[in-house]
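**Student:** how would this look folded up:
(chains A, B, C and D)
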Protein chains: 2
Amino acid sequence: MAEDLGQLKQDFVSGLSNISGFWGFPKGMGAIFAVLYLSPGPLSLDELVARTGLTKGAISTNVRGLARLGLIHPSAQLGDRRDYYVAETDFYRAVRAILQERRNSDFDRAIATVQVTLEALEAGGGSEPERAFLIERLRALKEFFDALDSLVNAVARLDSLGLNTVQTILKILK
Amino acid sequence: MAEDLGQLKQDFVSGLSNISGFWGFPKGMGAIFAVLYLSPGPLSLDELVARTGLTKGAISTNVRGLARLGLIHPSAQLGDRRDYYVAETDFYRAVRAILQERRNSDFDRAIATVQVTLEALEAGGGSEPERAFLIERLRALKEFFDALDSLVNAVARLDSLGLNTVQTILKILK
DNA sequence: TACATCGTTTAGTACAAACTAAACATTCTA
DNA sequence: TAGAATGTTTAGTTTGTACTAAACGATGTA
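**Tutor:** Sure, this is the predicted structure:
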């Protein structure tokens, strides 16, 4: 048997690549994270180049993205001016970071659109039936978005409780 | 003042387009849903063409996608052989449908990769230190995926309780 | 100061996804 | 049965994104 460890690792890397792509992140990010996650120690950019098959440029870009999301962390090695990185192993923390990240950017702006539209409608006076209808629909939508927002915020606020809380929720939902 | 209702609606449509794109769906889907959501009655494909600026082909494709996700519903008009559609207004139901949809497809397959890799490792025997390390890491990852999976499943199982349950969760998380 | 070693940036390329335009199939109507 | 109205499918175009290759800048070393 002696399953080829190298082969297994490689499968895992390409698996995470796909998951990454599925969730709208570059597949390279998934690959890099996978390599780091399976490494006992910090890796340099060149080692990542060697193990992922990507070029230095791509590694550089994606590593910065991963670090911004909190999925990996710089890990300086004394007496070596290269940049080393390690994978975050607390996934709940990573999820929180990603949610935090996503809440800014386009998403909030788009959601704000609903809010603004609704306010304009309500302030607009007039009593056409259509206006009333639109207000009602937008209110319902805004209520939904607000609930989502609260939920995300709540999740983002969980710290070390992470796992326990999730399990608590699961029991309630059962 | 008499804010231009048409303009407001148009802003809303383009806002939802962006949200749609942000979550990895075609922007056209968002636009079509927005138009239907702001319409008091069912609309035909041609009306959707007129109000979104998309072509019939795109409308046809995206409408099918939206219907499959349960975000809109066919609404036959007697004595008219055209296809009419209305928007789903219960967003919790829609979320459930989307989660259901996403659970199949690539995602599960990719997650299964982790499971498979882990099993191969555990079955492989051998006692190199690296093997033990890999098993530990993959176990942690699998545990996380399983928790996510349970959560998604639980949410997908909420029915009419929907809103109440979400609010219950929010209180707990507070 | 020259040279080597890294990481970043930039210009170009490859690829995937969503759309348009138009041919096509189907169903109703005169 | 001919023709009009409607929805779907297909081929081709556009667009955006992630990548490669290579120039560049910066930082250490002989």
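**Student:** quick check: closest non-adjacent residue to A:L36.
**Tutor:** A:A87 (4.0 Å; Cβ to Cβ, 6 or more residues apart in numbering or on different chains). Just so you know, the C-beta spots here come from the backbone N, C-alpha and C atoms, and that holds for glycine as well.
**Student:** what's the burial count for A:K9?
**Tutor:** 19 (other Cβ atoms under 10 Å in any protein chain shown).
**Student:** residues contacting it?
**Tutor:** A:38, B:134 (Cβ atoms under 8 Å, 6 or more residues apart in numbering or on different chains).
**Student:** picking that back up, just list whatever residues bridge to the residue nearest to A:L36.
**Tutor:** A:I72 (DSSP bridges).
**Student:** which other helices and strands does the helix or strand containing A:A31 contact?
**Tutor:** Taking DSSP states H and E as the criterion, A:A31 maps to helix A:27-37. Counting contacts by 3 or more Cβ pairs under 8 Å, 6 or more residues apart in numbering or on different chains; DSSP states H and E, helix A:27-37 is packed against helix A:5-22, helix A:45-52, helix A:56-69, strand A:72-74, strand A:84-87.
**Student:** any part of that helix near DNA strand D?
**Tutor:** Yes. Helix A:27-37 is in contact with DNA strand D by Cβ under 7 Å from any atom of the strand, via A:27-29.
**Student:** also stretch A:49-61?
**Tutor:** Yes. Stretch A:49-61 is in contact with DNA strand D by Cβ under 7 Å from any atom of the strand, via A:53-58, A:61.
**Student:** using TSV, lay out these together with pLDDT and neighbour count.
**Tutor:** Below are these laid out as TSV (pLDDT from 0 to 100; neighbours: other Cβ atoms under 10 Å in any protein chain shown):
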residue	pLDDT	neighbour count
A:G53	95	11
A:L54	96	18
A:T55	97	10
A:K56	97	11
A:G57	97	9
A:A58	97	18
A:T61	97	14
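**Student:** for DNA strand C, tell me which of the residues you listed show up nearby.
**Tutor:** A:56-57, A:61.
**Student:** per-residue pLDDT, the residue nearest to A:L36?
**Tutor:** pLDDT for A:A87: 97.
**Student:** what's the burial count for it?
**Tutor:** 20.
**Student:** again with A:L138
**Tutor:** A:L138, neighbours per other Cβ under 10 Å, totals 22.
**Student:** and the nearest residue to it once chain neighbours are set aside, how far from A:L134?
**Tutor:** Leaving out its chain neighbours, the residue that sits closest to A:L138 by Cβ to Cβ, 6+ apart is A:L118, at 4.4 Å. Distance check for A:L118 against A:L134: by Cβ to Cβ, to the nearest Å, it reads 9 Å.
**Student:** please say which of these two ends up with more neighbours.
**Tutor:** Taking neighbours as other Cβ under 10 Å, A:L118 and A:L134 compare with A:L134 leading, 22 against 19.
**Student:** what about that one, which helix or strand?
**Tutor:** helix A:129-157.
**Student:** right, and A:L54 touches A:A31 too?
**Tutor:** Yes. Contact criterion Cβ atoms under 8 Å: A:L54 and A:A31 qualify, at 7.1 Å.
**Student:** could you list the low-pLDDT ranges of chain A?
**Tutor:** Applying pLDDT under 70 to chain A flags the ranges A:1-3, A:101-107, A:155-174.
**Student:** now do the contacts for the residue nearest to A:L36.
**Tutor:** Under the criterion of Cβ under 8 Å, 6+ apart, the neighbours of A:A87 are A:33, A:36-37, A:39, A:71-72.
**Student:** about what we covered before: which one of the ones next to DNA strand C among the residues of stretch A:49-61 next to DNA strand D sits closest to DNA strand C?
**Tutor:** DNA strand C has its nearest neighbour among those in A:G57, at 2.9 Å by Cβ to the nearest atom of the strand.
**Student:** circling back to that earlier point, which parts of the helix holding A:L134 are buried?
**Tutor:** A:131, A:134, A:137-138, A:141-142, A:144-145, A:147, A:150-152, A:154-156 (16 or more other Cβ atoms under 10 Å in any protein chain shown).
**Student:** one step back: in the host helix or strand of the residue nearest to A:L138, what counts as buried?
**Tutor:** Applying DSSP H and E as the criterion places A:L118 in helix A:105-123. Neighbour counts over helix A:105-123 (16+ other Cβ under 10 Å) mark A:107, A:110-111, A:113-114, A:117-118, A:120-121 as buried.
**Student:** kindly report the same for stretch A:20-27.
**Tutor:** Going by 16+ other Cβ under 10 Å, stretch A:20-27 has these buried residues: A:20-22, A:25-27.
**Student:** hmm, back to that, of the buried residues of helix A:105-123, closest to chain B?
**Tutor:** A:T113 (3.3 Å; Cβ to the nearest Cβ).
**Student:** ok, now which ones touch the closest one?
**Tutor:** Going by Cβ under 8 Å, 6+ apart, A:T113 touches B:11-12, B:15, B:18.
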